[in-house]
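[1] Sharing a model prediction with you, sequence too.
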Amino acid sequence: MSTPPTKLIYMANQIGKYFASQRRGDAVAGIAEHLTLYWEPRMRRQICAYLAEDGSALDPPVRQAVERIAAAMPAAGTEAR
């Protein structure tokens with residue numbers, strides 16, 4: 001397994017803490033929206049790759065949000081250049 005993206009994990013979990021006061025479904029949607037709008041594609045790819053390898057350091061709502069993002073991402077090699 002490669003080195004986990006520690007800084008990205010920390011940032012994603014901090015975003016999750018911001019949304020923690022909301023209902024679970026709303027929090028997950030808010031986290032996913034934030035990561036989609038404000039993280040550059042490279043960062044999203046790295047956190048999704050971490051989830052695919054391990055993902056154990058992601059808080060549960062953050063994990064769910066990253067799963068949503070990963071499911072919506074184009075397959076590797078098919079994105080426009």
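    All right, it came through fine. Residues are numbered from 1 along each chain as shown.

[2] what comes up buried for the longest helix anywhere in the chain?
    Counting residues, the longest helix in the chain under DSSP state H turns out to be helix 24-38. Buried residues in helix 24-38, counted by 16 or more other C-beta atoms under 10 Å: 27-32, 34-35. From N, CA and C alone the C-beta is placed, and that goes for glycine too.

[3] What of stretch 38-46?
    Applying a neighbour-count criterion of 16+ other C-beta under 10 Å, one finds 39, 43-46 buried in stretch 38-46.

[4] do the same with stretch 58-71
    58-59, 61-70.

[5] Can you tell me which of these comes closest to Leu51?
    Closest approach between the buried residues of stretch 58-71 and Leu51, by C-beta to C-beta: Val66, at 4.8 Å.

[6] give me the element that closest one is part of.
    helix 60-72 (DSSP states H and E).

[7] Contacts made by that helix with the rest, please.
    The contact list for helix 60-72 (C-beta atoms under 8 Å, 6 or more residues apart in numbering) reads 12-13, 15-16, 19-20, 24, 27-29, 31-32, 35-36, 44, 47-48, 51-52, 55, 58.

[8] what do you get if the cut-off is 10 Å, keeping everything else the same?
    8-9, 11-17, 19-20, 22, 24-36, 39, 44-45, 47-52, 55-59 (C-beta atoms under 10 Å, 6 or more residues apart in numbering).

[9] Now do it and helix 24-38, the angle between them.
    60 degrees (axes from the mean of the first three to the mean of the last three C-alpha atoms, to 10 degrees).

[10] CA atoms only for helix 60-72 - export them in PDB, please.
    C-alpha atoms of helix 60-72 as PDB (Å, rounded to 0.1, in the frame of the first residue of the first chain):
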ATOM      1  CA  PRO A  60     -17.800   7.600   8.600                       C
ATOM      2  CA  PRO A  61     -19.700  10.500   7.000                       C
ATOM      3  CA  VAL A  62     -16.500  11.600   5.100                       C
ATOM      4  CA  ARG A  63     -16.100   8.100   3.900                       C
ATOM      5  CA  GLN A  64     -19.600   8.000   2.600                       C
ATOM      6  CA  ALA A  65     -19.100  11.400   0.800                       C
ATOM      7  CA  VAL A  66     -15.800  10.200  -0.800                       C
ATOM      8  CA  GLU A  67     -17.700   7.000  -1.900                       C
ATOM      9  CA  ARG A  68     -20.200   9.200  -3.700                       C
ATOM     10  CA  ILE A  69     -17.500  11.200  -5.300                       C
ATOM     11  CA  ALA A  70     -15.700   8.100  -6.400                       C
ATOM     12  CA  ALA A  71     -18.900   6.600  -7.900                       C
ATOM     13  CA  ALA A  72     -19.400   9.800  -9.900                       C
END
